[in-house]
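Curious how this folds, go ahead:
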Amino acid sequence: MIGEQQMRELGMNAYLAVGNGSQNESLMSVIEYKGNPAEDARPIVLVGKGLTFDSGGISIKPAEGMDEMKYDMCGAAAGTA
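Model (predicted):
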């Protein structure tokens, strides 16, 4: 897991800006594939962005669609499933 302090050190300012509206610390999970030494083939890699809730631009988003912002985590969920 990467916490806010390490994010600052890595220059992940855009990621930190998204989490500024939360009372909880921003965290990023890192999944590392070490590979299969028995295989010579290149792995297939899936990458997905995920936020548990993205209210960015809340002042310009219609209220009736706000409940659907929970689906912003689907890319990460599909990539790790």
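
Might you report the residue contacts of the residue sitting nearest the centre point of the chain?
In the chain, the centroid-proximal residue (Cα atoms, centre = their mean) is Gly50; its distance is 3.7 Å. When contacts are counted by Cβ atoms under 8 Å, 6 or more residues apart in numbering, Gly50 is found next to 72-77, 79. No exception for glycine: its C-beta is placed from N, CA and C like everyone else's.

so where is the protein shaky, pLDDT-wise?
51-63, 65-71, 81 (pLDDT under 70).

With only the CA atoms kept, save the strand or helix carrying Ala14 in PDB.
In the assignment (DSSP states H and E), Ala14 maps to helix 13-19. The C-alpha trace of helix 13-19 is given here as PDB (Å, rounded to 0.1, in the frame of the first residue of the first chain):
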ATOM      1  CA  ASN A  13      -0.300  15.300  -6.800                       C
ATOM      2  CA  ALA A  14      -3.300  14.700  -9.000                       C
ATOM      3  CA  TYR A  15      -4.100  11.500  -7.100                       C
ATOM      4  CA  LEU A  16      -3.800  13.400  -3.800                       C
ATOM      5  CA  ALA A  17      -6.000  16.200  -5.100                       C
ATOM      6  CA  VAL A  18      -8.900  13.800  -5.800                       C
ATOM      7  CA  GLY A  19      -8.600  12.500  -2.200                       C
END
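
If you count neighbours, what's buried in it?
Using 16 or more other Cβ atoms under 10 Å as the test for burial, helix 13-19 gives Gly19.

Number the chain from 56, please
Done: numbering now begins at 56, and the last item shifts to helix 68-74.

Past that helix, which element shows up next along the chain?
Following helix 68-74 toward the C-terminus (DSSP H and E): helix 129-135.

gap between the most far-flung residue of the chain relative to its centre and Val100?
Distance from the centre of the chain peaks at Ala93, with 31.3 Å (Cα atoms, centre = their mean). Between Ala93 and Val100 the computed distance is 19 Å (Cβ to Cβ, to the nearest Å).

count of neighbours near the closest residue to Ile57 other than its chain neighbours?
Leaving aside its chain neighbours, Ile57 sits nearest to Met83 (4.4 Å; criterion: Cβ to Cβ, 6 or more residues apart in numbering). Using other Cβ atoms under 10 Å, Met83 is surrounded by 15 other residues.
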